[in-house]
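Enquirer: sequence first, predicted coordinates after that:
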Amino acid sequence: MSTAEVPLARLWQLKDGTACLLLKDPASERWQLRVMRGAAVLRSEHYGSAIVAMDEGKRWRASFDTVLQASTSAT
């Protein structure tokens, strides 16, 4: 993360350390949704709305959470 980025929320974190962060660049009106594991960025996208970004973050969790994937495929 650069010093200009402002992390506003951790939307979720998995047992393996994978976390989804909502960030705001103070110099723009854009929001960034970022999935990280340690220092590695696994996925990142920009949005014009924090609410849209948070909703998308909920959907992203399913693609990173293997426990959630296993439970939904068993039903």
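Expert: Arrived safely. Numbering: from 1, shown residues only.
Enquirer: verify the stated contact: Gln32 with Leu11.
Expert: No. At 12.0 Å, Gln32 does not count as touching Leu11 under the criterion of C-beta atoms under 8 Å. No exception for glycine: its C-beta is placed from N, CA and C like everyone else's.
Enquirer: overlap in contacts of the two?
Expert: Leu22 (C-beta atoms under 8 Å, 6 or more residues apart in numbering).
Enquirer: from what I see, Pro26 and Leu8 are in contact.
Expert: No. In this structure Pro26 lies outside contact range of Leu8 using C-beta under 8 Å: 10.9 Å.
Enquirer: neighbour count: those two, which is higher?
Expert: Neighbour totals were compared for Pro26 and Leu8, and Leu8 leads with 15 against 7 (other C-beta atoms under 10 Å).
Enquirer: correct me, but the more buried one touches Leu23?
Expert: Yes. Assessed by C-beta under 8 Å, Leu8 is found in contact with Leu23 at 6.6 Å.
Enquirer: surely Asp55 forms part of a helix?
Expert: Yes. Counting by DSSP: H, G, I helix; E, B strand; the rest coil, Asp55 is found in a helix.
Enquirer: what pLDDT does it get?
Expert: Per-residue pLDDT puts Asp55 at 96.
Enquirer: likewise for Leu14?
Expert: Leu14 carries a pLDDT value of 95.
Enquirer: can you give me the neighbour number for the closest residue to it other than its chain neighbours?
Expert: With sequence-adjacent residues excluded and distances taken as C-beta to C-beta, 6 or more residues apart in numbering, Leu14 is closest to Asp65, at 5.7 Å. The tally of other residues near Asp65 (other C-beta under 10 Å) stands at 17.
Enquirer: look up how far Leu21 lies from Asp65.
Expert: The gap separating Asp65 from Leu21 is 16 Å, by C-beta to C-beta, to the nearest Å.
Enquirer: same thing with Tyr47?
Expert: Taking C-beta to C-beta, one finds Tyr47 at 13 Å from Leu21.
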